[in-house]
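Asks: Have a look at this prediction, sequence included:
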Amino acid sequence: MQNIKQKFLVTSLASTIALSGMAFFTGDDAAARTVDKSKVGGKVVLTSFSDAVRLIPYTTSDSASGRIQSMIYDGMINIDQKGNPVPSLATKWSYNKATMTWTFELRKGVKWHDGKPFTADDVVFSYDMYRNPKSINSYISDFESIKSVKKINAYKVEFKLAKKDALILTNVFPAAIIPKHQFPKGVEDFNKNNYIHRHPIGTGAFKFKEWKTDERIVVVANTNYWDGRPYLNEVVTRILPDANVEAINLLKGDVDWVESLTPATISQVAKDKDLKITKWDYGQFDFIGFNEAVAPFNDVKVRQALTYGLDRQSIVSKIYLGKAYIASGPFHPKIPQNNPAVKALPFDQKKAAKLLDEAGWKLKDGVRQKNGKKMEFDFYFNNGNKSREKIGLVAQQNWAKLGVKINVRGLEWSIFLDRYAKGELDTFALGWGGYDGNVEHKGFFHSSNIPTATAPGNNRNRIKDAKIDKWLDSYLQEEDRNKRIKIYQDMHKYMAENATLIWTVHPMKNMGHDKDLKGIKTSLANPLYNLQDWYWGTAKKRK
């Protein structure tokens, strides 16, 4: 969540030391932050045009839920702005390469938001939940390299690995720790206890206060936070219907911060002397996805044809007004796993038509047909996302010229996610973000993570490709950073050429916020990277 060039270098160092059998980091139990009492006070109003789904970590995969969870919970370690793993609920850790064992010493004196003490029992419980095959954790594959988790004493935990995982320190051990005492029925509560999901208890900088569905979620300062209380007394996330309404509320002064202004509203906000626009890059790839388990999307020539047949440069210039990178794959241009030699497939409708012909979809009466079936399907976006709606309309126009008919339909976010997980959407516009130089895409692309009736997974596009699986597995096993980067660069080239998905853009972000809101830092992985350090510059706003 960090300066990306520095992060690459630090990640390289971290992996080398961690796998050598040496102690990796030593900290102490003292709070790292020094709180300036003159900055304390006030509330900030954020926005989202999607409500959260649940507030227990790893039971969701949407950004609206994840944002609130990040305010409430801590992991054993955190990732700083430069990519270094740093102490959080753990103060010291080491790795024994011979036995493939990680040992963590935990911070003493930490309290859960209900006042109960944090101990090793909570760490063991959390990882047991995340690894439990009966849990609804769609990220369960992230934890498959862990063989066992053992409590050594009240403030010491041992993890034995079943196999090498070169990125476990930065991708798994920052996992949020949840309180064992809140889940008396274990995985049953983790999966189904709606009260727990709507009334979370963490150790983080902010404590849950209230959730009014489709209206707002409120958290308040944890004044006893081990790392020093946050400056803001309260953070309100208002649920608004779409990005245009977010901007209107910002201009009216009814909200203080908008994560990403649409290109069309940037000029309006820029004219307001009380507001500020902060540019930032987010580790995100946007795409048009398919259910690749069914025809015609299981045919590479059809996917390639639809990719060649989509004017992605028009999407960048007309929808994003130039404020996006055209995408050729899932790797942001500012991380090294991106292969700069790979170019997006060009807009070429003659090539697209030829590929459809070769795939057996012949033009008849203006519509592509095969075996008596017309090529017509629905294209979905989540309500409120104007950019994705416009992408659907561009696709509709472009593909109609090829004889492919699509119907553009919006869905409420929770319904969209449910149908997406079940494989009920034909095509759809989505984005996947929150990654940086520690990127690891096994959960999203590996065939073992295709959802089933009994096992959730994030490969909801149902991609099943042995070559991609091999690259993803090798990437996690490879200890040499340069070789690891080359693995993903090779995969990038293959995914672009075979149109694994239709890669659209890596959006450039422009957050809008009250000019008096100070201390904001962002990163490739998190727009709220340092929320506990945000404060109001004017004293009257701190009351």
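Replies: Arrived safely, thanks for sending.
Asks: What residues sit buried inside the strand or helix carrying Phe159?
Replies: In this assignment (DSSP states H and E), Phe159 forms part of strand 156-161. Within strand 156-161, the residues scored as buried using 16 or more other Cβ atoms under 10 Å are 156-159, 161. The way it works is simple: take the backbone N, C-alpha and C, and place the C-beta from them, glycine included.
Asks: Identify the residues contacting the helix or strand harbouring Asn244?
Replies: Taking DSSP H and E as the criterion, Asn244 maps to helix 243-252. Under the criterion Cβ atoms under 8 Å, 6 or more residues apart in numbering, residues 47, 49, 238, 240, 255-258, 260-262, 264-265, 268-269, 272, 275, 384-387, 512-513 lie in contact with helix 243-252.
Asks: again, only this time at 10 Å
Replies: The list of residues contacting helix 243-252 from outside it, by Cβ atoms under 10 Å, 6 or more residues apart in numbering, reads 45-49, 238, 240, 242, 254-262, 264-266, 268-269, 271-272, 274-275, 384-387, 511-514.
Asks: Please flag which of the residues you listed sit within helices.
Replies: Residues of the contacts of helix 243-252 located in helices (DSSP state H): 264-266, 268-269, 386-387.
Asks: between the buried residues of strand 156-161, which is closest to Lys351?
Replies: The nearest member of those to Lys351, counting by Cβ to Cβ, is Leu161 at 46.8 Å.
Asks: Would you quantify the distance from the closest one to Trp102?
Replies: Taking Cβ to Cβ, to the nearest Å as the measure, Leu161 falls 7 Å from Trp102.
Asks: The spatially closest residue to Gly322 that is not a sequence neighbour: what's it in contact with?
Replies: Distance criterion Cβ to Cβ, 6 or more residues apart in numbering; nearest residue to Gly322, sequence neighbours excluded, is Val316 at 6.5 Å. Val316 sits next to 322-327, 344, 504-507 when contact means Cβ under 10 Å, 6+ apart.
Asks: repeat that for 6 Å
Replies: Residues near Val316 by Cβ atoms under 6 Å, 6 or more residues apart in numbering: 324, 326, 505.
Asks: Most neighbours among these, which one?
Replies: Among these, the one with the most neighbours (other Cβ atoms under 10 Å) is Val505, at 23 neighbours.
Asks: Just give the nearest non-adjacent residue to it, would you?
Replies: Closest to Val505 by Cβ to Cβ, 6+ apart is Ala324, at 3.9 Å.
Asks: swap in Asp490?
Replies: Trp471 is the one closest to Asp490 (Cβ to Cβ, 6+ apart), at 6.6 Å.
Asks: number of nearby residues for that neighbour?
Replies: 22.
Asks: That one touches His492, doesn't it?
Replies: No. Counting by Cβ atoms under 6 Å, Trp471 stays clear of His492, with 9.4 Å between them.
Asks: Okay, and Met71 sits in which element?
Replies: helix 63-72.
Asks: Let me know the outermost residue of this protein.
Replies: Among residues of the chain, the one most distant from the C-alpha centroid is Asp365; the distance is 43.6 Å, by Cα atoms, centre = their mean.
Asks: Could you look up the next helix or strand downstream of the helix or strand hosting Lys509?
Replies: According to DSSP H and E, Lys509 maps onto strand 505-514. Next helix or strand after strand 505-514 toward the C-terminus (DSSP H and E): strand 517-518.
Asks: so where's the protein uncertain?
Replies: 1-32, 82-83 (pLDDT under 70).
Asks: Which single helix of it contains the most residues?
Replies: Longest helix in the chain, counting by DSSP H: helix 481-497.
Asks: partners of the helix or strand just after that helix in the sheet?
Replies: Remark: after helix 481-497, the chain's next helix or strand is strand 502-503, criterion DSSP H and E. Neighbouring strands of strand 502-503 in its sheet, by DSSP bridges, are strand 284-290 (antiparallel).
Asks: List the buried residues for the next helix or strand after the helix holding Met71?
Replies: Sequence-wise, the next helix or strand downstream of helix 63-72 (DSSP H and E) is strand 77-79. By neighbour count on 16+ other Cβ under 10 Å, the buried set for strand 77-79 is 77-79.
Asks: again with stretch 102-122
Replies: 102-107, 110, 112-113, 118-120, 122.
Asks: and if you look at stretch 236-249?
Replies: Counting neighbours by 16+ other Cβ under 10 Å, stretch 236-249 gives 236-240, 243-244, 246-247, 249 as buried.
Asks: now stretch 316-325
Replies: Residues of stretch 316-325 classed as buried by neighbour count (16+ other Cβ under 10 Å): 316, 319-320, 323-325.
Asks: Which of these sits closest to Lys150?
Replies: Tyr325 (45.0 Å).
Asks: what packs against the helix or strand harbouring the closest one?
Replies: In this assignment (DSSP H and E), Tyr325 forms part of strand 324-326. Under the contact criterion of 3 or more Cβ pairs under 6 Å, 6 or more residues apart in numbering; DSSP states H and E, strand 324-326 touches strand 505-514.
Asks: Could you pull up the residues touching Asn224?
Replies: Counting by Cβ under 6 Å, 6+ apart, Asn224 has no contacts.
Asks: how close does it sit to Pro87?
Replies: Asn224 is 18 Å from Pro87, by Cβ to Cβ.
Asks: got it, and Ser138?
Replies: Using Cβ to Cβ, Ser138 is found at 28 Å from Pro87.
Asks: Sort out which residues of the strand holding Lys509 are buried, please.
Replies: Buried positions in strand 505-514, judged by neighbour count with 16+ other Cβ under 10 Å: 505-514.
Asks: what's across from Phe428 in the sheet?
Replies: Beta bridges link Phe428 to Gly289, Tyr380, judged by DSSP bridges.
Asks: And the strands in the stretch 301-450 of the chain, which stretches?
Replies: For the stretch 301-450 of the chain, applying DSSP state E, counting those that start in this stretch gives strands covering 324-326, 362-364, 367-370, 373-374, 376-382, 405-411, 427-433.
Asks: Tell me which of these lies nearest to Lys212.
Replies: In terms of Cβ to Cβ, the element of the strands of the stretch 301-450 of the chain nearest to Lys212 is strand 376-382, at 20.5 Å.
Asks: Tell me the buried residues in the closest one?
Replies: 377, 379-382.
Asks: for stretch 422-430, same thing?
Replies: Quick answer for stretch 422-430 (16+ other Cβ under 10 Å): 423, 425-430.
Asks: Pull the most distant pair out of those.
Replies: Gly423 and Ala429 (16.7 Å).
Asks: coming back round to it: using PDB, write down the CA coordinates of the strand holding Lys509.
Replies: Output in PDB follows, covering the C-alpha atoms of strand 505-514 (Å, rounded to 0.1, in the frame of the first residue of the first chain):
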ATOM      1  CA  VAL A 505      -8.500  -0.500 -18.000                       C
ATOM      2  CA  HIS A 506      -6.400   0.200 -14.900                       C
ATOM      3  CA  PRO A 507      -8.200   3.400 -13.700                       C
ATOM      4  CA  MET A 508      -6.300   6.400 -12.500                       C
ATOM      5  CA  LYS A 509      -8.000   7.600  -9.300                       C
ATOM      6  CA  ASN A 510      -8.800  11.100  -8.300                       C
ATOM      7  CA  MET A 511     -10.200  11.400  -4.800                       C
ATOM      8  CA  GLY A 512     -12.100  14.500  -3.800                       C
ATOM      9  CA  HIS A 513     -12.100  15.800  -0.200                       C
ATOM     10  CA  ASP A 514     -12.500  18.800   2.000                       C
END
